[in-house]
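J.: here is my input; please provide its structure:
(one chain, ligands or ions: 2)
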Amino acid sequence: MQIAPSILAADFARLADEAAAVADVADWLHVDVMDAHFVPNLTIGLPVVEALRKHASLPLDCHLMIEDPDRWAPGYAEAGARNVTIHAEAATSPVRTLRAIRAAGARSGLAINPATPVEPYADLLPEFDMLLLMTVEPGFGGQHFLDLVLPKVRRARELIGGRDASVWLQVDGGVDHETIGRCAEAGADVFVAGSAVFGMTDPASAVTDLRAMAARAAAAPRD
Ligand code: DX5
Ligand code: ZN
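T.: Ligands and ions are numbered 1, 2, ... in the order given. Sure, this is the predicted structure:
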């Protein structure tokens, strides 16, 4: 069970302090890289990731919402990101790029949007360490969770295997105290939360609470 606070909801002028606020309770720091082409928003890129590597202690979980990830993704791994996730909708050569990410020393991730089915990527499972299911349309923080993705979370868990499987199942978008339980119950084991962590007055206790809720829901018997 991993909790990855998204710095998209943090104060960009105080990133090191914001990262420090969750350093003892979170597992990774989720870094949303957007290029204003793949998604209609522009956030941060490689220089900020390099700076965070120096000034933040948590491993960096880089989510690339950019065109041409085949070209740019290995650079994030070389910069020291622990995980580098590319979008299936944007990659021309996902197998080659996922392998390049691993070769550069990071764990590889594949992300899909709410309308993208998971089944076509089942054969690629050996090529990635994490499957990211977007639970909002990518591009902005603070959106409403899309319940329509939950059946896909269940199908993805079946494809990946049980909870001790080697591939993580990450959900991203609108994950908060109301929705995290449904995600965990459906089989997710990595939870990205932006507003529900950095939008709170006490980000550290928000992480602790979210983790407890996810653990409770995952342990609950299914019908
Ligand atoms: C959205 C990003 C998310 C975003 C989540 O495109 O990929 O990581 O930061 O923010 P919340 O948790 O506020 O929906
Ligand atoms: Zn993200």
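J.: so what's Leu131 bridging to?
T.: Here Leu131 sits in beta bridges with Leu110, Leu169, going by DSSP bridges.
J.: show me what contacts it?
T.: Gly109, Leu110, Ala111, Ile112, Val118, Tyr121, Ala156, Ile160, Val167, Trp168, Leu169, Gln170 (Cβ atoms under 8 Å, 6 or more residues apart in numbering). Heads up, the C-betas are built off the backbone N, CA and C, glycines and all.
J.: now do the contacts for whatever residue of the chain ends up closest to ligand 2.
T.: Closest approach between the chain and ligand 2, counting by Cβ to the ion: His63, at 3.7 Å. Contact analysis of His63 by Cβ under 8 Å, 6+ apart lists His30, Val31, Asp32, Val33, Thr85, Gly109, Ala111, Leu132, Asp172, Val192.
J.: sorry, back to before: ranking the contacts of Leu131 by neighbours, who comes first?
T.: When neighbours are taken as other Cβ atoms under 10 Å, the top entry among the contacts of Leu131 is Gln170 (28 neighbours).
J.: now that one: how far from Leu42?
T.: 23 Å (Cβ to Cβ, to the nearest Å).
J.: repeat that for Ala20.
T.: 25 Å.
J.: how about Arg82?
T.: Arg82 is 24 Å from Leu42, by Cβ to Cβ.
J.: which of these two has more neighbours?
T.: Neighbour count, other Cβ under 10 Å: between Arg82 and Leu42, Arg82 has more, with 18 against 11.
J.: can you pull the contacts of the more buried one?
T.: Trp28, Pro59, Leu60, Asp61, Ala106, Arg107.
J.: I'd like those written out as a markdown table, with pLDDT, distance to Asp68 and secondary structure added.
T.: Listed next are those as a markdown table, based on pLDDT from 0 to 100; distance: Cβ to Cβ, whole Å; DSSP: H, G, I helix; E, B strand; the rest coil:
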| residue | pLDDT | distance to Asp68 | secondary structure |
| --- | --- | --- | --- |
| Trp28 | 98 | 25 | coil |
| Pro59 | 98 | 25 | coil |
| Leu60 | 98 | 21 | strand |
| Asp61 | 98 | 21 | strand |
| Ala106 | 98 | 18 | coil |
| Arg107 | 98 | 21 | strand |
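J.: pull out the buried members of these.
T.: Trp28, Pro59, Leu60, Asp61, Ala106, Arg107 (16 or more other Cβ atoms under 10 Å).
J.: ok, those vs ligand 1, which is closest?
T.: Asp61 (9.5 Å; Cβ to the nearest ligand atom).
J.: okay then, goodbye and thanks.
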